[in-house]
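K.L.:
what's the 3D shape of this:
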Amino acid sequence: MIYQTILIFNSMEDYPFIVRNVLRKGSEHEHCEDSLLYTIDKNKPYLYLAIFDGCSNGIDSHFASNLYKKIFKKILVDPREKDGNNLSEITNFILFEFFQELYNIKRNLNLIDNELLSTIVFAIINYETDECLITFSGDGLFCVNTTPITVDVGNAPQYTPYFFSHIKGFYEFQHSLQSFGFENIKNLSICSDGILTFYNIDRKKEDVVERLLIDDTIQKSKAMLSRKVNMLSKENIHYLDDLSIIRYIKKEVSECICSQNQETSIT
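P.N.:
Predicted coordinates for the structure are as follows:
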């Protein structure tokens, strides 16, 4: 008899990282206009994170952000290998596919630009090499390890549909993006700009980056970020805009060993 040990990832919790997220409606909005998505590449050691923030001045902005999410999901879960030899090339491939798909939907459904306005925050993480690339179409915030960085476009995002009428539409859209690459990633968060709208009981702005994006207490709880937001609420710290956060935390080596499920088969 030969005993064979097979390492199996039954769920995302078995991977060498933790992903936590929270999505909440802001007090100023009737509907939540944010949307988020994260998934794993089936062919390469990549984790994809994406956040979409619908424009409040658009028409049915919650529709736009959720449509963006559906298109990204279609592209990201496609089992075919994505073209590209590095994070930048793969990002360009995904965004090109997204641009084409959104253009076709607009044309087929006879939609106008104002029905399709949403920002995009998209990140690819190579969880084997600890490299990442974060790309913004519009504004938001990200935190790399312990360093938060705000991306501000002065409330004038160059939304994707604005480029559909251009002769070289995708390439001009591509030129409007802001990208940031990093190595040695152990903790990464991407957020919509709602994280900048927290305020305290005195109606003064409250900085919650440390507590939500850097502090790693209760990380083993799948509701980690929701619980942290609830703790802030109990301290009378609330948020005006919709709040969306995806946080990636690399596990320690000892945690990875413990979390791997082993299946023994006899052949």
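
K.L.:
For Val22, name its beta-bridge partners.
P.N.:
For Val22, the beta-bridge partners are Ile245 (DSSP bridges).

K.L.:
ranges for the strands of the stretch 1-150 of the chain?
P.N.:
Using DSSP state E, counting those that start in this stretch, the strands of the stretch 1-150 of the chain run over 3-8, 17-24, 34-40, 46-54, 118-126, 131-137, 140-144, 147-151.

K.L.:
Take those and lay them out in a markdown table including mean neighbour count, distance to Ser244 and mean pLDDT.
P.N.:
For every residue, glycine as well, the C-beta is placed using N, CA and C. Output for the strands of the stretch 1-150 of the chain, formatted as a markdown table (neighbours: other Cβ atoms under 10 Å; distance: least, Cβ to Cβ, whole Å; pLDDT from 0 to 100):
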| stretch | mean neighbour count | distance to Ser244 | mean pLDDT |
| --- | --- | --- | --- |
| strand 3-8 | 9 | 31 | 34 |
| strand 17-24 | 20 | 5 | 97 |
| strand 34-40 | 21 | 4 | 97 |
| strand 46-54 | 25 | 5 | 97 |
| strand 118-126 | 25 | 9 | 98 |
| strand 131-137 | 22 | 14 | 98 |
| strand 140-144 | 23 | 9 | 98 |
| strand 147-151 | 14 | 14 | 97 |
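
K.L.:
any chance of those in TSV, plus distance to Glu101?
P.N.:
Formatted as TSV, these follow (distance: least, Cβ to Cβ, whole Å):
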stretch	distance to Glu101
strand 3-8	33
strand 17-24	23
strand 34-40	15
strand 46-54	14
strand 118-126	13
strand 131-137	15
strand 140-144	22
strand 147-151	24
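
K.L.:
any idea how far the residue nearest to the spatial centre of the chain is from Ile124?
P.N.:
By Cα atoms, centre = their mean, the chain has its centre lying nearest to Ala50, at 2.7 Å. According to Cβ to Cβ, to the nearest Å, Ala50 stands 10 Å off from Ile124.

K.L.:
before we move on, what about Lys204?
P.N.:
According to Cβ to Cβ, Lys204 and Ile124 sit 37 Å apart.

K.L.:
tally of neighbours for Ala64?
P.N.:
28 (other Cβ atoms under 10 Å).

K.L.:
Hmm, it is touching Glu115, no?
P.N.:
Yes - Ala64 is within contact range of Glu115, at 6.5 Å (criterion: Cβ atoms under 8 Å).

K.L.:
For this protein, which segments count as helices?
P.N.:
Here the chain has its helices, by DSSP state H, at 61-76, 87-109, 169-176, 209, 224-234, 253-259.

K.L.:
So for Thr119, which of the ones you listed sits nearest?
P.N.:
Closest to Thr119 of those, according to Cβ to Cβ: helix 61-76, at 8.4 Å.

K.L.:
Please identify the buried residues of that closest one?
P.N.:
For helix 61-76, burial by neighbour count (16 or more other Cβ atoms under 10 Å) applies to 61-69, 71-72, 75-76.

K.L.:
Looking at the residues you listed, spot the one nearest Pro45.
P.N.:
Leu76 (14.6 Å).

K.L.:
and that closest one, what is it in contact with?
P.N.:
Leu37, Thr39, Asp41, Tyr48, Ala50, Ile94 (Cβ atoms under 8 Å, 6 or more residues apart in numbering).
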